[in-house]
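Participant: After the sequence you'll find the predicted model.
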Amino acid sequence: MTIIDTHSHIYGPEFSDDVADVIVRAKEAGVEKIFLPNINLGTIVPMMELCQAYPGCCYPMMGLHPEDIGDDWHEVLDEMESLLKDRNHPYIAVGEVGLDYYWSQERYEEQKEVFMIQAGWAKRYDLPLVIHTRNAHREMVELMRSASEEESLRGVFHCFSGSSEEARELLDFGQFMLGIGGVVTFKKSQLPDVLRDVVPINRIVVETDAPYMAPVPYRGKRNESGFVKAVVEKLADIYGMSASSVAEITTNNALNTFTRARK
Ligand SMILES: [Zn+2]
């Protein structure tokens with residue numbers, strides 16, 4: 001079984017004592033590749049150190065997270081884009097980017113502006129876009145419709161946990177996958193029904209969002225990449241197929257989206 005954890009923050013301080021063990025356990029669980037979304041300027045160094053220590057396993061992305069937008073975002077974006085301009089840059093995606101209106105609607109318009117600039121990078125540098133959306137489904141669909149108008153974008157709507165109607169709207173972006181993580185294993189989650197009803201398995205990639213969102217039976221604990229196996233097993237249950245088939249299909253989906261991670 002070969003699994004790809006398409007969204008994991010194991011370069012973070014939560015893992016500074018034992019990241020080597022975390023990666024050993026991931027390999028034991030069948031996780032061959034781990035994709036690392038960037039958050040802000042400060043996370044680039046720890047993310048790149050991990051990627052250099054584990055080539056062919058850990059792969060970096062480049063982007064500014066909506067919750068990390070500060071007054072200096074113009075300069076931050078300039079610096080990030082200068083990294084993508086290098087012909088030999090190591091980044092496999094623009095991410096994670098998006099809209100987060102959960103805590104407040106702070107920087108409501110700025111979040112949209114920052115998202116659209118980074119969606120432009122995805123087109124310009126031919127990279128997938130890894131999108132975080134929280135309490136902003138409607139706004140994101142509208143932004144994506146205008147961003148997708150002329151050129152087609154590809155990517156992932158990470159940590160999807162919405163309704164059937166929302167899933168359908170996102171799947172209309174034909175080159176986008178839904179990133180499914182620990183939420184699908186939670187007891188009261190409606191997500192299994194939504195997936196069964198409207199989401200074909202060939203539109204799913206799996207992820208942990210470590211250290212957050214640990215799946216059952218690890219719920220409430222620090223999440224780590226190896227736990228994504230519990231997500232694969234739950235999907236096998238939902239789609240009535242073997243875990244190894246789910247692993248194979250979602251791995252193909254991931255590599256067709258993150259084409260630079262094939263090697
Ligand atoms: Zn994330």
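Facilitator: Structure received. Numbering: from 1, shown residues only.
Participant: In a strand, residue 230, correct?
Facilitator: No. Using DSSP: H, G, I helix; E, B strand; the rest coil, the assignment for residue 230 is helix, not a strand.
Participant: That one contacts residue 223, correct?
Facilitator: No. Contact criterion C-beta atoms under 8 Å: residue 230 and residue 223 do not qualify, at 10.1 Å. Quick note: C-beta positions are derived from backbone N, CA and C, even for glycine.
Participant: phi, psi of residue 129?
Facilitator: Backbone torsions for residue 129, taken as degrees, to the nearest 10, come to phi -110, psi 130.
Participant: That one: neighbour count?
Facilitator: Counted with other C-beta atoms under 10 Å, residues neighbouring residue 129 total 29.
Participant: what does the model give it for pLDDT?
Facilitator: Note for residue 129: predicted pLDDT of 98.
Participant: What of residue 151?
Facilitator: 70.
Participant: need the helices for the chain, in chain order.
Facilitator: Secondary structure of the chain (DSSP state H): helices located at 19-28, 44-53, 73-85, 108-124, 137-148, 164-171, 191-198, 228-239, 243-257.
Participant: out of those, which comes closest to residue 181?
Facilitator: Distance to residue 181, taken as C-beta to C-beta, is lowest for helix 228-239 among these, at 6.0 Å.
Participant: Between helix 243-257 and that closest one, find me the angle.
Facilitator: Counting by axes from the mean of the first three to the mean of the last three C-alpha atoms, to 10 degrees, helix 228-239 lies at 110 degrees to helix 243-257.
Participant: got the angle for helix 228-239 vs helix 191-198?
Facilitator: Using the same axes, to 10 degrees: helix 228-239 against helix 191-198 is 50 degrees.
Participant: And for residue 1, nearest residue in space, chain neighbours not counted?
Facilitator: residue 30 (3.9 Å; C-beta to C-beta, 6 or more residues apart in numbering).
Participant: in terms of contact, does the one you found touch residue 229 like I think?
Facilitator: Yes. In this structure, residue 30 is within contact of residue 229 by C-beta under 8 Å, at 6.3 Å.
Participant: ok, those two, which is more surrounded?
Facilitator: residue 229 (23 against 18).
Participant: Next one: the more buried one from residue 257, what distance?
Facilitator: 21 Å (C-beta to C-beta, to the nearest Å).
Participant: which neighbours do residue 30 and residue 229 share?
Facilitator: 1, 3 (C-beta atoms under 8 Å, 6 or more residues apart in numbering).
Participant: shaky segments in the stretch 1-150 of the chain?
Facilitator: In the predicted model of the stretch 1-150 of the chain, residues 150 satisfy pLDDT under 70.
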